[in-house]
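Participant: following is a predicted model, sequence given first.
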Amino acid sequence: MADVEWALKGELVLSCNCTVFCPCVISLGQHPPTEGYCQTWAGFRVDNGYYGDTDLSGLNLGLIMEIPGYMSRGNWTAGLFVDKRASIYATKAFTKIFTGKAGGTTGLLSILVGNFLGVQQVPISYEVEDKKRIVKIPKIIDGVVSPIPGRKHGEDTVISNSEYWIAPEIIVAKSERSKMRAFGRNWNFAGRSAEICALDWSGPN
């Protein structure tokens, strides 16, 4: 049973194969992805974080997920990329958090993910250039995501007060560049749906 306190604060970006904005955000998993199945990669920038006594601050992460249909029906496949700078203790902590074993915000992953592809420790960069989010894992992920402009000049299109498990406020975005090659997958989601969210996850409760 998960009993170690943990928290991650920072930002995350997701890029998926949906042709228009991901319906899972609005439907809370009750509507299938636009292609009938989901393929997505995510990048995480942890500004402040801990797992018990292990400091997780200043590290970046990557994640891939495949969902065969409705998000709520499970049978997900996932693979995790941990920053090469992370200690063995931090890598173990991130693995527990992203497999749901640490409980809390990601606890549902222990139920929904049926196939965990494993963990790779690699160099990961997560940068912000103007409003663009640039995520790079050499030879694995090459992503550039930009927010969709809103009606008010200079402001983004935002979904707020959502019950979406990832975050209550989601910036609607589009992938300018979105290539992922790993775990036998070869994806290119340029021009398709993306999301930018504040990362504010915690556990074990």
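Facilitator: Yep, that arrived.
Participant: residue 32: neighbour count?
Facilitator: When counting by other Cβ atoms under 10 Å, one arrives at 19 neighbours for residue 32. No exception for glycine: its C-beta is placed from N, CA and C like everyone else's.
Participant: now swap in the one 5 residues further on and tell me
Facilitator: Close neighbours of residue 37, defined as other Cβ under 10 Å, add up to 13.
Participant: which residue, other than its chain neighbours, is closest to it?
Facilitator: Nearest residue to residue 37, sequence neighbours excluded (Cβ to Cβ, 6 or more residues apart in numbering): residue 68, at 5.4 Å.
Participant: residue ranges in the protein under the pLDDT threshold?
Facilitator: 1 (pLDDT under 70).
Participant: any idea which element the residue nearest in space to the middle of the chain lies in?
Facilitator: Computing the C-alpha centroid of the chain and ranking residues by Cα atoms, centre = their mean puts residue 42 first, at 3.6 Å. For residue 42, the element it lies in under DSSP states H and E is strand 38-51.
Participant: just residue 18 next, same as before
Facilitator: Residue 18 belongs to no helix or strand, assigned by DSSP H and E.
Participant: for it, grab the count of nearby residues.
Facilitator: Residue 18, neighbours per other Cβ under 10 Å, totals 21.
Participant: please apply the same query to the one 5 residues further on.
Facilitator: Here the count is done by other Cβ under 10 Å, and residue 23 has 17 residues near it.
Participant: and the gap between residue 126 and residue 34?
Facilitator: Using Cβ to Cβ, to the nearest Å, residue 126 is found at 26 Å from residue 34.
Participant: show me which of these two is the more surrounded one.
Facilitator: Using other Cβ under 10 Å as the criterion, residue 126 and residue 34 rank with residue 126 on top: 23 against 18.
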